[in-house]
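Novice: next input, structure requested:
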Amino acid sequence: MREFLYRLVQRLQEEARPLSRNKHFHAFAGEARRALRIDRHLRDLAQHLEVLRTRGERPRIRIMPGGSVQLVLKHPTLAVVRTATLAPEEVALLLRSPAGAWALAGEPAADVPGRPAAKPG
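Specialist: As a prediction, this is how the structure comes out:
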């Protein structure tokens, strides 16, 4: 099921042949509805990363056990941060966008395991 789910997300993100949600509504019934949520989440992250890229601010990156990645993104106008933890499949999909590839190229110091990505508290 997991492989099917991420293939759906990949098809939703393809520019050349996007999967129509209206025409293929049956594919998004039940558990596969998660694909729509993941797609929206990744598109929103890519948009946020693009804003940071234009400002020249890199997100903090932390490699988690099992191949997951945690991104800590500063909000462009507010004094808050956004934390997103991505599964390995989601990382691969985010790398396909220019902003995702830029952000995940990362700084070597950010990849140190055990280093907290954000201040506690």
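Novice: give me the most central residue, this structure.
Specialist: What sits nearest the mean C-alpha location of the chain, by Cα atoms, centre = their mean, is residue 42, with 4.3 Å.
Novice: surely it forms part of a helix?
Specialist: Yes - assessed with DSSP: H, G, I helix; E, B strand; the rest coil, residue 42 lies in a helix.
Novice: that one against residue 13, yeah?
Specialist: Yes - contact status for residue 42 versus residue 13: in contact at 7.1 Å, counting by Cβ atoms under 8 Å. Just so you know, the C-beta spots here come from the backbone N, C-alpha and C atoms, and that holds for glycine as well.
Novice: now do the shared contacts for these two.
Specialist: Residues touching both residue 42 and residue 13 (Cβ atoms under 8 Å, 6 or more residues apart in numbering) are residue 93.
Novice: dihedrals phi and psi, residue 61?
Specialist: Taking degrees, to the nearest 10, you get phi -120, psi 140 for the backbone angles of residue 61.
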